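K.L.:
Here is my input, please return the structure:
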Amino acid sequence: MNVKVIPANDVVGATIALGDALAGNVTVFICGPEIAGVKPEIQELPEEVSNTALIIESSGSTGTPKRIHLSKEALIASAKATEEYFGTSGQWLLALPINYIAGAQVLIRSLVAETQPVVMNTLVSFTPEAFARSAQLMTGEHRFTSLVPTQLKRLADVAVLDDFVLRALQSFTAILVGGQAVDPAVVSSLRDKGVNIVLSYGMAETAGGVVYDGKALSGVSVEIRDGLIAIKSPSLANDVADESGFLITQDSGELVAGKLKVLGRADRVLISGALKVSLDSVEAVASSIGGVVEVAATALDSAEWGQRVGLVYVGSPEVADYLAAAVFEQLGLAAKPIRVIRVDKLPRLVSGKTDLVSVRKLFDV
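P.N.:
Numbers count the residues shown, from 1 in each chain. Presented below is the predicted three-dimensional model:
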């Protein structure tokens with residue numbers, strides 16, 4: 001099939017093209033946004049591919065993005081599994097860029113459900129007020145959206161004082177949140193206010209979420225192999241499974257009472273003084289400190305220890321001295337950050353995820 005390139009800011013064009021792709025007529029690649037009528041430079045994109053409806057790029061938060069090939073069967077299976085989980089289809093609000101799988105899936109689920117999505121402008125900074133105004137435009141009985149944790153936290157912070165934003169959040173049948181670890185306190189606070197937050201686990205290679213609130217979707221099998229999460233699903237991308245049909249991810253996890261608990265990226269574990277340190281755990285501790293808005297941890301080279309933790313945060317300057325002490329108290333000396341940097345905002349990818357490569361570079365200055 002021919003490959004059709006659609007810029008990320010052409011949501012209407014992308015929706016039409018994805019409809020053709022689900023019908024088996026074309027392969028779609030959604031590139032970055034078009035600027036002043038010029039599409040971004042695209043390298044090594046084939047003119048024709050087989051058994052592929054959508055070519056999507058991974059976020060590249062820890063390195064170079066890679067292109068994932070998804071069949072129409074995989075995309076439809078993913079959308080249908082989400083419908084089955086919630087027991088209904090519905091109308092979707094697009095709040096994420098469509099050149100990443102979470103955003104593209106909002107359009108695909110809308111096509112499968114034959115509903116009209118409400119579209120936010122994802123090329124400008126996300127604000128709770130814009131989200132609430134967009135939610136007002138929704139007319140469907142059952143309403144859904146997908147967010148990343150950063151967006152959810154911004155909404156939660158404003159919803160404490162703004163009933164307009166809180167009512168918008170409460171109006172959704174479910175709000176899927178994934179892409180990175182979510183602050184449990186934020187989720188708990190919103191759930192206590194009647195907001196249905198559903199934690200999603202998945203990736204481009206699985207066509208989006210395959211586990212909701214720890215429960216595998218219909219047709220999905222989850223195993224733990226050598227500490228890593230392994231997934232078998234009809235929504236898997238082309239050529240990513242091993243001989244047994246499972247995709248071995250780079251995420252650590254465990255099964256507790258039949259539910260998946262994601263422990264973090266396996267490549268987000270450093271060795272400090274022969275001890276393993278989870279950077280996700282360091283971030284969780286740092287995030288719990290009052291005055292900290294956002295945080296990112298990274299590995300720094302150390303002649304004595306091999307590796308040590310570096311911490312970047314957004315928040316009050318007064319808490320900088322307490323961060324390292326709090327991590328030391330809860331996780332031990334090996335996890336104690338040797339450098340703490342305060343910034344106005346964390347570097348982010350277009351997808352909304354923290355740009356971990358850029359975070360690491362902050363310590364080279």
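
K.L.:
Nearest residue to residue 90 in space, ignoring adjacent ones along the chain?
P.N.:
residue 142 (3.2 Å; Cβ to Cβ, 6 or more residues apart in numbering). C-beta coordinates here come from the backbone N, C-alpha and C atoms, glycine included.

K.L.:
Contacts only, for that neighbour.
P.N.:
For residue 142, the contact set (Cβ atoms under 8 Å, 6 or more residues apart in numbering) comprises 86, 88-91, 173.

K.L.:
Name the SS class of the residue most central in space within the chain, please.
P.N.:
Central residue of the chain (Cα atoms, centre = their mean): residue 179, 1.7 Å from the mean position. The assignment at residue 179 comes out as coil when based on DSSP: H, G, I helix; E, B strand; the rest coil.

K.L.:
what's the following helix or strand after the helix ranked longest in the chain?
P.N.:
In the chain, with assignment by DSSP state H, the single longest helix is helix 72-86. Once the chain leaves helix 72-86, the next helix or strand it forms, by DSSP states H and E, is strand 91-94.

K.L.:
Quick check: next helix or strand after that following strand?
P.N.:
With DSSP H and E, the next secondary element past strand 91-94 is helix 101-113.

K.L.:
Just the buried residues of that next one, please?
P.N.:
For helix 101-113, burial by neighbour count (16 or more other Cβ atoms under 10 Å) applies to 101-113.

K.L.:
Then stretch 43-54?
P.N.:
49, 52-54.

K.L.:
starting at the chain centroid, how far to it?
P.N.:
Its chain's C-alpha centre and that of stretch 43-54 lie 24 Å apart, by Cα atoms, centre = their mean, to the nearest Å.

K.L.:
now the longest helix of the chain, how far from the chain's geometric center?
P.N.:
With Cα atoms, centre = their mean, you get 18 Å for helix 72-86.

K.L.:
ok, now stretch 150-158?
P.N.:
15 Å.

K.L.:
swap in stretch 106-126?
P.N.:
Worked out by Cα atoms, centre = their mean, stretch 106-126 lies 16 Å from the chain centre.

K.L.:
Alpha carbons only: can I get that stretch in CSV?
P.N.:
Included here for stretch 106-126 are C-alpha records, laid out as CSV according to Å, rounded to 0.1, in the frame of the first residue of the first chain:
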residue,chain,number,x,y,z
VAL,A,106,-8.4,8.9,20.1
LEU,A,107,-9.1,9.3,16.3
ILE,A,108,-9.1,5.6,15.7
ARG,A,109,-11.5,4.9,18.6
SER,A,110,-13.8,7.7,17.3
LEU,A,111,-13.8,6.1,13.8
VAL,A,112,-14.6,2.7,15.1
ALA,A,113,-17.3,4.1,17.3
GLU,A,114,-18.6,6.3,14.5
THR,A,115,-18.6,9.3,16.7
GLN,A,116,-17.3,12.9,16.2
PRO,A,117,-14.3,13.8,18.4
VAL,A,118,-13.9,17.2,20.0
VAL,A,119,-10.4,18.5,19.1
MET,A,120,-8.2,20.7,21.3
ASN,A,121,-5.3,22.6,19.7
THR,A,122,-2.5,20.4,20.8
LEU,A,123,0.2,22.6,19.3
VAL,A,124,-0.2,25.2,22.1
SER,A,125,0.5,24.8,25.8
PHE,A,126,-2.2,22.7,27.5
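
K.L.:
Excluding covalently adjacent residues, which one is nearest to residue 88?
P.N.:
residue 142 (5.0 Å).

K.L.:
and that neighbour, what pLDDT?
P.N.:
Residue 142 carries a pLDDT score of 98 in this model.

K.L.:
Against residue 155, how distant is it?
P.N.:
20 Å (Cβ to Cβ, to the nearest Å).

K.L.:
returning to what we had before: mind checking how far the residue nearest to residue 88 is from residue 285?
P.N.:
From residue 142 to residue 285 the distance is 38 Å (Cβ to Cβ).

K.L.:
and what of residue 17?
P.N.:
Separation of residue 17 from residue 285 (Cβ to Cβ): 45 Å.

K.L.:
again, but for residue 343
P.N.:
For residue 343, the distance to residue 285 - Cβ to Cβ - is 19 Å.

K.L.:
cool, residue 119 as well?
P.N.:
Per Cβ to Cβ, residue 119 is found 38 Å from residue 285.

K.L.:
do the same with residue 69
P.N.:
39 Å.

K.L.:
do residue 93 as well
P.N.:
Per Cβ to Cβ, residue 93 is found 33 Å from residue 285.

K.L.:
who has more neighbours, these two?
P.N.:
residue 93 (25 against 19; other Cβ atoms under 10 Å).

K.L.:
so what's that one up against?
P.N.:
Residues counted as contacts of residue 93 (Cβ under 8 Å, 6+ apart) are 106, 117-118, 120, 131, 134-135, 138, 143-145, 172.

K.L.:
Of those, keep whichever come out buried.
P.N.:
106, 117-118, 120, 131, 134-135, 138, 143-145, 172.
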